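Trainee: 3D model of this:
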Amino acid sequence: MIRARRARIVATLGPASRAPGMVKALAQAGADVFRLNFSHGSHEDHAAALKAVRGAEMALQRPLGVLADLQGPKLRLGRFADGAIEVKPGHVMRFDLDPAPGDATRVQMPHPEIFKALRTGMALLIDDGRIRLRVGERADDWAEVTVESGTKLSDRKGVAVPDAVIPVSALTTKDREDLAFALRLGVDWVALSFVQKAEDMAELKRLVNGKAACLAKIEKPQALQDLESILDYCDGVMVARGDLGVELLPEEVPVAQKQILRAARRRGVPAIVATQMLESMTSAPAPTRAEASDVANAVYEGADALMLSAETASGDYPLEAVGIMSRIIERVERDPLWPSLMDAEHAGMDEHDVDALVAAARKAAEAQSTACMVVFTTLGGTARRMSRERPLQPVLALTPNPDTARRLALVWGLEPRLGKQPDSLEAVTDDAVTSAVKFGLAEAGQRILILAGTPFGAPGAANLLRLAHAPAGPKTRGKT
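Mentor: Numbering: from 1, shown residues only. Now for the predicted structure:
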């Protein structure tokens, strides 16, 4: 199952899709990574879903990644005596810590950390921005607010403060319990919500302790301001446009998306574009033209992966959603303009020998006679560096480590596969050309570029670039 595309697809599992047969069908249709959304479902549901993914992986003989998406803090209003109140611009009321049911004059906001962060003149957004308020007088346990737009406030609606860093950990008690469970299950990636600063990701990395790759969901304006520091602690990043779009003006979201993708590309950090990619397919068998363009634009921007949420988790057409997303990606990547766009966003080299070697490999691969590239990797670093170069040839990433193979399923252009650890230069060449032919990436006589590291069997950066040709007979000769 070699994909006819470089950008990858993340499919969220839920009631509509977690059955073993459906998971296998989604993988066949094009899903590369499966997301477990810990905002919904029980631990038992997620365990069954992961088991289904591993079963599909075995049946299809292709590594499949599993991403555990932690819920993060949920900041909400309290309850109203009548369930809701009507408001209009100019309406003034008070938010406080009193748990008594609210009315038109006041309501509980049970988050002292928000009151501490508020300043007069700040905006408050309620119910995904449907209600906009402005803060007037305030103290450490109350704030007077004036309605600027909106008509109705109801029980337990979410609160966002776009102009302040809220002094709260991105990991709640529930998140810590979910994280421990996810790591016991053996997930490949963990995504952290409500990231505001680098320390949030540092805390996650400490708790995960290398048992999974760590991904930051960029959904807060504060994260954009500290993006470079956050990326220091990231193995991956997600453009979480839903929550990001609540706190940013609509015209700012596309700019933020490009900013995040460019920063991630420079670092060689895989980036996912998420939220409402094919939203209408939750209840319709085909996307809108605007949605198709949205998917295409993310591919043109060089995103490593695109994510489906409700479309596959609870929608009526999960298979169709994966299928059409895959076809849109393939069509974009056939556009004659697309290679030049990938090259235009080409990242500069770091001051490392391996970067020079990888850049040389990409340049050498531009020869038309090159069928594919084969990268031997233990922990995935060399393969990710190769992906950052955005080569147009297929890249077969061979690793003896199943965890590495599954994590690389998220990365642009890579075809991760399990392979034995070579112990000699001859074994490197033989394994590379044999695997390239086996997976249909090269035919007899075609050139293959091989990246590997010595000493063989020891984790470390690649220091060997070798040319070989797919065999017409039992033996293959290569050049270092």
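Trainee: and His74, helix, strand or coil?
Mentor: Actually, residue 74 is Lys. It isn't His. Classification of Lys74 by DSSP: H, G, I helix; E, B strand; the rest coil places it in coil.
Trainee: count of neighbours near it?
Mentor: 14 (other Cβ atoms under 10 Å). From N, CA and C alone the C-beta is placed, and that goes for glycine too.
Trainee: got a list of what it touches?
Mentor: Gly158 (Cβ atoms under 8 Å, 6 or more residues apart in numbering).
Trainee: what does the model give it for pLDDT?
Mentor: If you check Lys74, the pLDDT there is 91.
Trainee: From Ala160, how far off is it?
Mentor: The gap separating Lys74 from Ala160 is 11 Å, by Cβ to Cβ, to the nearest Å.
Trainee: Also Leu192?
Mentor: 18 Å.
Trainee: Settle it for me: which of those two has more neighbours?
Mentor: Between Leu192 and Ala160, counting by other Cβ under 10 Å, Leu192 is the more crowded of the two (27 against 21).
Trainee: How about that one: what's its closest non-neighbour residue?
Mentor: Excluding its sequence neighbours, the residue lying closest to Leu192 (Cβ to Cβ, 6 or more residues apart in numbering) is Leu204, at 4.9 Å.
Trainee: Give me the residue at the spatial middle of this structure.
Mentor: Here the mean C-alpha position of the chain is nearest to the C-alpha of Ile272 (Cα atoms, centre = their mean), at a distance of 3.5 Å.
Trainee: And the pLDDT for that one?
Mentor: pLDDT, read off for Ile272, is 98.
Trainee: Pretty sure it sits against Asp304.
Mentor: Yes. Contact status for Ile272 versus Asp304: in contact at 6.7 Å, counting by Cβ atoms under 8 Å.
Trainee: what sits in contact with each of the two?
Mentor: Joint contacts of Ile272 and Asp304 (Cβ under 8 Å, 6+ apart) are 236, 410.
Trainee: Can you say which helix or strand has the residue nearest to the centre of the chain in it?
Mentor: Element membership for Ile272 (DSSP states H and E) is strand 271-274.
Trainee: And the strands in the stretch 201-350 of the chain?
Mentor: 213-218, 236-240, 271-274, 305-308 (DSSP state E, counting those that start in this stretch).
Trainee: what number of residues lie near the closest residue to Pro471 other than its chain neighbours?
Mentor: Computed as Cβ to Cβ, 6+ apart, the closest residue to Pro471 that is not its neighbour in sequence is Val433, at 5.9 Å. Neighbours of Val433 under the rule other Cβ under 10 Å: 24.
Trainee: Same question for the one 3 residues further on.
Mentor: Neighbour count for Ala436, taken as other Cβ under 10 Å: 24.
Trainee: SS state for it?
Mentor: Taken by three-state DSSP, the conformation at Ala436 corresponds to helix.
Trainee: need the contact list for Arg138.
Mentor: 115, 118-120, 144.
Trainee: which one of those sits closest to Arg327?
Mentor: Arg327 lies nearest to Leu118 out of the contacts of Arg138, by Cβ to Cβ, at 47.7 Å.
Trainee: In contact with the closest one, which residues?
Mentor: 124, 135, 138, 143, 161, 164.
Trainee: repeat that for 6 Å
Mentor: By Cβ atoms under 6 Å, 6 or more residues apart in numbering, the residues touching Leu118 are 135, 138, 143.
Trainee: Narrow those residues to those in helices?
Mentor: Counting by DSSP state H, no part of the contacts of Leu118 is found in helices.
Trainee: Derive a PyMOL selection command for the buried subset of the contacts of Arg138.
Mentor: With 16 or more other Cβ atoms under 10 Å as the criterion, this PyMOL line picks the buried residues out of these:
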select buried, resi 115+118+144
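Trainee: where's the residue nearest to Pro471, which helix or strand?
Mentor: Counting by DSSP H and E, Val433 is part of helix 425-438.
Trainee: From the contact counts, what lies against the longest helix anywhere in the chain?
Mentor: The residue-count maximum for a helix in the chain (DSSP H) belongs to helix 43-60. When contacts are defined as 3 or more Cβ pairs under 6 Å, 6 or more residues apart in numbering; DSSP states H and E, helix 43-60 packs onto helix 20-29, strand 33-37.
Trainee: buried ones in that helix?
Mentor: By 16+ other Cβ under 10 Å, the buried positions in helix 43-60 come out as 46, 48-50, 52-54, 56-57.
Trainee: can you check stretch 401-409 too?
Mentor: For stretch 401-409, by 16+ other Cβ under 10 Å, it's 401, 403-409.
Trainee: ok, back up a step: with pLDDT and distance to Ser280 added, can I get the contacts of Arg138 in TSV?
Mentor: Output for the contacts of Arg138, formatted as TSV (pLDDT from 0 to 100; distance: Cβ to Cβ, whole Å):
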residue	pLDDT	distance to Ser280
Phe115	96	40
Leu118	95	37
Arg119	95	40
Thr120	96	42
Glu144	98	41
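Trainee: Including distance to Val354 and secondary structure, could the contacts of Arg138 go into CSV?
Mentor: Rendered in CSV, the data for the contacts of Arg138 read as follows (distance: Cβ to Cβ, whole Å; DSSP: H, G, I helix; E, B strand; the rest coil):
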residue, distance to Val354, secondary structure
Phe115, 50, helix
Leu118, 48, coil
Arg119, 48, coil
Thr120, 53, coil
Glu144, 58, strand
